[in-house]
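1. fold the following.
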Amino acid sequence: MDTTLTFADRQAFRKWLGKYGSKSNGVWLVFSKKKKSVTLSAAEALEEALCYGWIDGKIQSIDDNSYKKYFTRRLPKSNWSVKNKELAQTLIKKGLMTHPGLEAIECAKKNGLWDNAETKIINDEQIEMFKKIIKPYKIAYTNLMSMSHSVQRTYTGFYLDAKSDKTRQTRLDKIIERLNKNLKPM
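-> You can find the predicted model right below:
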């Protein structure tokens, strides 16, 4: 996970994926935090990644002006979110999906992960449980309580969606850090 790249636009990333997508194990892409960006956007990068059977992952801040996000080939047993399924279907309709991207979709359909994607509804009981977890962190809790119900639901979903205790703890740490700064979810 050491390679870090910057692309000015989506065409440059698409060209890179066409050349190295089947060989690379993954790369960090640098993105600008500013509205007047000198890089492709994370949304554009995700679309191009899906076209080549890749997916986005971890995100790390670099400085006040930029951050990086990890992109890698999609594993055969990785989950497909509703958002990514919809994006993939749009990309197919636009004729942008490549053979590796279509193979990733076929693989997901064969192993049941394509139809398994559904929007998880976070209920009020889960949000209340999440608030109890945050309560010992005074600043984070105060800020969470001042946020809208939809933001509370988003934080709750991010926490509950973790597959392991280790991931759940890592997510809790990130949530506390963001809430201490009174930031909404990314």
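2. contacts and neighbour counts: CA atoms only from here.
-> Will do.
3. name the residues that touch the worst-scoring helix or strand of the chain on mean pLDDT?
-> Here the helix or strand of the chain ranked lowest by mean pLDDT, DSSP states H and E is helix 113-116, holding a mean of 79. Helix 113-116 is touched from outside by Lys77, Ser78, Asn79, Trp80, Lys85, Ile105, Ala108, Lys109, with contacts defined as Cα atoms under 8 Å, 6 or more residues apart in numbering.
4. buried set for that helix?
-> For helix 113-116, a neighbour-count test (16 or more other Cα atoms under 10 Å) marks Leu113, Trp114 as buried.
5. now do stretch 87-107
-> Within stretch 87-107, the residues scored as buried using 16+ other Cα under 10 Å are Leu87, Ala88, Leu91, Leu96, Met97, Thr98, Pro100, Gly101, Leu102, Ala104, Ile105, Cys107.
6. reformat the residues you listed as TSV; add distance to Lys131, pLDDT and secondary structure.
-> Below are these laid out as TSV (distance: Cα to Cα, whole Å; pLDDT from 0 to 100; DSSP: H, G, I helix; E, B strand; the rest coil):
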residue	distance to Lys131	pLDDT	secondary structure
Leu87	32	94	helix
Ala88	35	96	helix
Leu91	38	97	helix
Leu96	43	97	coil
Met97	41	98	coil
Thr98	44	98	coil
Pro100	42	97	helix
Gly101	39	97	helix
Leu102	41	97	helix
Ala104	38	96	helix
Ile105	37	96	helix
Cys107	38	95	helix
